[in-house]
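Undergrad: have a look at this prediction, sequence included:
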Amino acid sequence: KAGVTQTPRYLIKTRGQQVTLSCSPISGHRSVSWYQQTPGQGLQFLFEYFSETQRNKGNFPGRFSGRQFSNSRSEMNVSTLELGDSALYLCASFIDNEQFFGPGTRLTVL
Amino acid sequence: AQSVTQLDSQVPVFEEAPVELRCNYSSSVSVYLFWYVQYPNQGLQLLLKYLSGSTLVKGINGFEAEFNKSQTSFHLRKPSVHISDTAEYFCAVSPTYGNKLVFGAGTILRVKS
């Protein structure tokens, strides 16, 4: 079975732009979660989607949003990028009390 | 709410020596416990998890952890480390009713020859 895939792997944007990141979960997994990893704040939960519905949300501003499609693929969007949004964004698909993480998208905001 | 404290930010150790990475957690509800490893420029890989049952959990790559409910700890151990174990290790908890992971700050394990 293929693992969790994330695209793109690397991204460079400038302040004020918006960005969309994509995540394809393991086949058959219906839950997808997103995490932000930074040197200062560590790993923080952004949100979780299950069957196209947001089931849980972390403490991030409204500039961070996501969605899930009927095939369980998920996207997250960050609008009006700030320098502090530079981070590794990790996606995970969940089944049987275990989360399987993708390799992440490294976003750099200049 | 849950919180996780990893007591050491870095642990240097010589190859073939034993190692223990310490993790304490706080939660007002029942939780599941996890250890993940992250190699440079990669995502997180699950080493082991505690859901219920035996408090001694064995994972991949020779790692094991012991759940101690009274001390709210979940320390990770390996009897003999290899250079290839050099990585960052994260302890995490999630409530038993959901799958939102709360992570500790991470411990960098540096194995020296």
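TA: Arrived safely.

Undergrad: which residues does the most centrally placed residue in chain B bridge with?
TA: Residue closest to the average C-alpha location in chain B (C-alpha atoms, centre = their mean): B:W35, at 3.5 Å. Under DSSP bridges, the beta-bridge partners of B:W35 are B:L48, B:C91.

Undergrad: does it touch B:F74 like I think?
TA: Yes. With contact defined as C-beta atoms under 8 Å, B:W35 counts as touching B:F74 (7.5 Å). Just so you know, the C-beta spots here come from the backbone N, C-alpha and C atoms, and that holds for glycine as well.

Undergrad: so what sits against both of these two?
TA: Common neighbours of B:W35 and B:F74, counting by C-beta atoms under 8 Å, 6 or more residues apart in numbering or on different chains, are B:23, B:65, B:91.

Undergrad: ok, B:F74 to B:T5 distance?
TA: Taking C-beta to C-beta, to the nearest Å as the measure, B:F74 falls 11 Å from B:T5.

Undergrad: mind listing the strands for chain A?
TA: A:5-7, A:10-13, A:19-24, A:31-38, A:42-50, A:53-57, A:64-68, A:74-78, A:87-95, A:98-101, A:105-109 (DSSP state E).

Undergrad: interface residues of chain A facing chain B?
TA: Chain A has residues A:4, A:31, A:33, A:35, A:42-45, A:48, A:56, A:58, A:90, A:92, A:94, A:97-104, A:106 near chain B, with proximity defined as C-beta under 8 Å from any C-beta of the partner chain.

Undergrad: if we use 7 Å, what do you get?
TA: For chain A, the residues found near chain B under the criterion C-beta under 7 Å from any C-beta of the partner chain are A:31, A:33, A:42-43, A:45, A:48, A:56, A:90, A:94, A:97-99, A:101-104.

Undergrad: closest to A:Q17 out of the residues you listed?
TA: A:G104 (19.7 Å; C-beta to C-beta).

Undergrad: count the residues that sit near that closest one.
TA: Taking other C-beta atoms under 10 Å in any protein chain shown as the neighbour definition, A:G104 ends up with a count of 24.

Undergrad: one more: B:Q6?
TA: 20.

Undergrad: I'd say it and B:L109 touch.
TA: No. Look at B:Q6 against B:L109 with C-beta atoms under 7 Å: they stay out of range, at 11.3 Å.

Undergrad: which ones are touching the residue nearest to B:P40 when sequence neighbours are not counted?
TA: Distances taken as C-beta to C-beta, 6 or more residues apart in numbering or on different chains place B:A87 nearest to B:P40, at 7.8 Å, with adjacent residues excluded. With contact set as C-beta atoms under 7 Å, 6 or more residues apart in numbering or on different chains, B:A87 has these partners: B:37-39, B:109.

Undergrad: show me the helices in chain B, by range?
TA: When secondary structure is read from DSSP state H, chain B shows no helices.

Undergrad: near chain A, which residues of it show up?
TA: B:32, B:42-44, B:46, B:49, B:51, B:90, B:98-101, B:103, B:105-106.

Undergrad: closest to A:Q68 out of those residues?
TA: B:N99 (14.5 Å).

Undergrad: what's the local residue count around the closest residue in space to that closest one that isn't next to it in sequence?
TA: Residue nearest to B:N99 in three dimensions, not counting chain neighbours: A:F94, with 4.9 Å by C-beta to C-beta, 6+ apart. Close neighbours of A:F94, defined as other C-beta under 10 Å, add up to 22.
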